[in-house]
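>>> the sequence and its predicted three-dimensional model are supplied below.
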Amino acid sequence: MKALNWLVVIVFSLSLSALSGCSHFKSGKKGAAMGAEEDTQTSGFSDEEGFEEYGASSANRLKAPYNQTYRFAYDCFQVKEGDIQSINVQADYLAAHRGAKVRLEGHTDERGSREYNVALGWKRAKAVAVVLKQYGVASSQIAIVGYGKERPVAFGHDENSYSLNRRVNLVYESK
């Protein structure tokens, strides 16, 4: 059953990438958002960078119910294949605990207009919600918010800061 779920998610993700795609990648590198791992980090912080700074250890990535952060490429709203396992763990918990609720907060970096970034943040949160729903989470358990560039976690004006701000926060409102 899990293999079938993975297949559905992968097919859906590839279809979504074909329809929407990401319009920007670093020059000289190949791949789409799901294949360009060297360009992006959508699975939160790597072990080297440390989750602890943002209130969660890397061990929490595969435990529920813990708030999670998923990162995205520039101008992109595709969920990275490497995030699917973590989202699946959260979905399993939510499906087993129908009273639990999450808020998906979509964020962007500071580049672009306010309106564009709010819409992009919402699309990012919606993409995570689609994966949760594919694993059995009820729509009533998910709230989606697009903050755009209004709530940065990094205040620099460089690529590292931008990449930290391009995210979806999965926040438990009730467990």
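Ah, there it is. The structure displayed is predicted, hence computed values, not measured ones. Numbers count the residues shown, from 1 in each chain.
>>> what is the mean pLDDT for the host helix or strand of Ala129?
When secondary structure is defined using DSSP states H and E, the element that contains Ala129 is helix 114-134. Summarised as a single mean, pLDDT over helix 114-134 is 98.
>>> that one packs against which elements?
helix 2-19, helix 84-96, strand 101-107, strand 142-148, strand 167-174 (3 or more C-beta pairs under 8 Å, 6 or more residues apart in numbering; DSSP states H and E). Yep, even glycine has a C-beta here, placed from its N, CA and C like the rest.
>>> now do it against strand 101-107, angle only.
For helix 114-134 against strand 101-107, the angle between stretch directions is 140 degrees (axes from the mean of the first three to the mean of the last three C-alpha atoms, to 10 degrees).
>>> list the buried residues in helix 114-134.
Counting neighbours by 16 or more other C-beta atoms under 10 Å, one finds that the buried residues in helix 114-134 are 117-134.
>>> leaving out sequence neighbours, find the closest residue to Tyr93.
Nearest non-adjacent residue to Tyr93, counting by C-beta to C-beta, 6 or more residues apart in numbering: Ala64, 3.3 Å away.
>>> for Arg98, see how far away the one you found is.
Between Ala64 and Arg98 the distance, using C-beta to C-beta, to the nearest Å, works out to 14 Å.
>>> settle it for me: which of the two has more neighbours?
Between Ala64 and Arg98, counting by other C-beta atoms under 10 Å, Ala64 is the more crowded of the two (21 against 11).
>>> next one: phi and psi at the more buried one?
Its backbone dihedrals place Ala64 at phi -130, psi 160, with angles given as degrees, to the nearest 10.
>>> give the contact list for it.
Neighbour list for Ala64: Val89, Gln90, Asp92, Tyr93, Leu94 [criterion: C-beta atoms under 8 Å, 6 or more residues apart in numbering].
>>> pLDDT at the fourth one, what is it?
To tie it back to what came earlier, the one meant is Tyr93. We have a pLDDT of 97 for Tyr93.
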